[in-house]
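Participant: model this:
(one chain, ligands or ions: 1)
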Amino acid sequence: MSENPAPRRLWTAARPPNLSSQVRLAQVGDHLSSSSSSAATAAAAAQPATAMSAPHVTVHWLEDSRAQRIVWLLQELGIDYEVKHYKRDPKTLLGPKELYDVHPLGKSPTVVVRNNGESVTLAESGAIVEFLIERYGADKLAVSPSSGSMQDRADYLYWLHYAEGSAMLPNMLAMVFGRLPAQAPWFLRPVLQSVSTGALDKMIVPRLKAQYGWIERNLEGKDYFVAGKLTGADIMMSFVAEILDASPVNKADFPNISRWHTAMVQRPAYKEALEKGGENNMGRFTQRE
Ligand SMILES: N[C@@H](CCC(=O)N[C@@H](CS)C(=O)NCC(=O)O)C(=O)O
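Facilitator: Numbers count the residues shown, from 1 in each chain. Just a heads-up that it's a prediction; the model follows:
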């Protein structure tokens, strides 16, 4: 992550979200589908480097990943962006080595933000969401330190950070333990199957139920997580709701989460984002063999 040596507000006016003509889709290497990547790259290169230009963001987007919520955020903010698509290894489900050329940890999402001759490469969804909203969202999508009640500000920060800080851990453990037996040599599978089942039943599933129960109670009677409006907290929490599809808990037990998430995916910006990035298929992570 490179530092921006002279932080300043570069661009404040929120622009209308419908940017379809400006969004350029590009794909890389042999992880690309065949579409016009060279034309897209040429178009990107032709972006005029005007003084006080609007920001431009490149989203390094891995299929079936957290990256889609960043595309949604960009649509909501109305920022000009392009999406570079990468595929997972079908066996290991890991990202390709090309992602390591973008960021040393090879994770998605990573974004490259260009503005007025400066360029910042930033990974980690929560950091990306905060960075883009505080820089380009004005008060849109945020509960800023100086606006709203103290409770709203606290809740905003809580849910924004809770998504990756707490809610994802038991989900990741469920995936790792769920896939463990199938990845071992055949003669170890029976042992690992019982380790996996024991860990899931005794440790992971109870924690998942507690986490989703907590989220469920917090959405009771609410259309958004915080302050009665869409914020970065909803955007961060959207992946926690999506991954319920791969989670070893019963989605029907969490009707408030489903109601809230259904409303989110019906937003025009969300739908546009799906066209630029792509739909997540979380079900592929539940496969055990
Ligand atoms: N906490 C990070 C997690 C990033 C992360 O693990 N991304 C996954 C996709 S959801 C990834 O890049 N996986 C590919 C790999 O690890 O090879 C964030 O929110 O950005």
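
Participant: Please count neighbours and contacts with C-alpha atoms only from this point.
Facilitator: Fine.

Participant: can you give me the strands in the stretch 51-200 of the chain?
Facilitator: 56-62, 80-86, 110-115, 118-123 (DSSP state E, counting those that start in this stretch).

Participant: what's the closest of those strands to Leu169?
Facilitator: strand 118-123 (18.1 Å; C-alpha to C-alpha).

Participant: Now the closest one: buried residues?
Facilitator: Ser119, Thr121, Leu122, Ala123 (16 or more other C-alpha atoms under 10 Å).

Participant: about what we covered before: okay, the strands of the stretch 51-200 of the chain, which one's buried deepest?
Facilitator: strand 56-62 (a mean of 25; mean count of other C-alpha atoms under 10 Å).

Participant: so does stretch 125-140 get close to the ligand?
Facilitator: Yes. Using C-alpha under 6 Å from any ligand atom, stretch 125-140 reaches the ligand at Ser125.

Participant: that older thread, turn the strands of the stretch 51-200 of the chain into CSV, including distance to the ligand and mean pLDDT.
Facilitator: As requested, these are exported to CSV (distance: least, C-alpha to the nearest ligand atom, whole Å; pLDDT from 0 to 100):
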stretch, distance to the ligand, mean pLDDT
strand 56-62, 6, 98
strand 80-86, 10, 98
strand 110-115, 7, 98
strand 118-123, 6, 98
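
Participant: Scan the chain for its longest helix.
Facilitator: helix 168-183 (DSSP state H).

Participant: Packing partners of that helix?
Facilitator: helix 189-199, helix 205-218 (3 or more C-alpha pairs under 8 Å, 6 or more residues apart in numbering; DSSP states H and E).

Participant: I'd like to know which of these is closest to Met150.
Facilitator: Using C-alpha to C-alpha, these put helix 205-218 closest to Met150, at 17.4 Å.

Participant: Only the C-alpha atoms, please, for whichever helix or strand comes after that closest one, written as CSV.
Facilitator: Of the helices and strands lying after helix 205-218 in sequence (DSSP states H and E), the nearest is helix 232-242. Coordinates of each C-alpha in helix 232-242 appear next as CSV, following Å, rounded to 0.1, in the frame of the first residue of the first chain:
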residue,chain,number,x,y,z
GLY,A,232,-20.7,1.8,4.3
ALA,A,233,-21.9,-0.5,7.1
ASP,A,234,-24.6,-2.0,4.9
ILE,A,235,-22.1,-2.4,2.1
MET,A,236,-19.6,-4.2,4.3
MET,A,237,-22.3,-6.4,5.9
SER,A,238,-23.7,-7.4,2.5
PHE,A,239,-21.0,-10.1,2.1
VAL,A,240,-21.8,-11.5,5.5
ALA,A,241,-25.3,-12.0,4.3
GLU,A,242,-24.2,-13.5,1.0
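
Participant: so how far is helix 232-242 off the chain centroid?
Facilitator: 8 Å (C-alpha atoms, centre = their mean, to the nearest Å).

Participant: any chance of the helices and strands packed on helix 168-183 in a markdown table, plus mean neighbour count, mean pLDDT and distance to Asp152?
Facilitator: Shown next, in a markdown table, are the helices and strands packed on helix 168-183 (neighbours: other C-alpha atoms under 10 Å; pLDDT from 0 to 100; distance: least, C-alpha to C-alpha, whole Å):
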| stretch | mean neighbour count | mean pLDDT | distance to Asp152 |
| --- | --- | --- | --- |
| helix 189-199 | 15 | 93 | 37 |
| helix 205-218 | 17 | 97 | 13 |
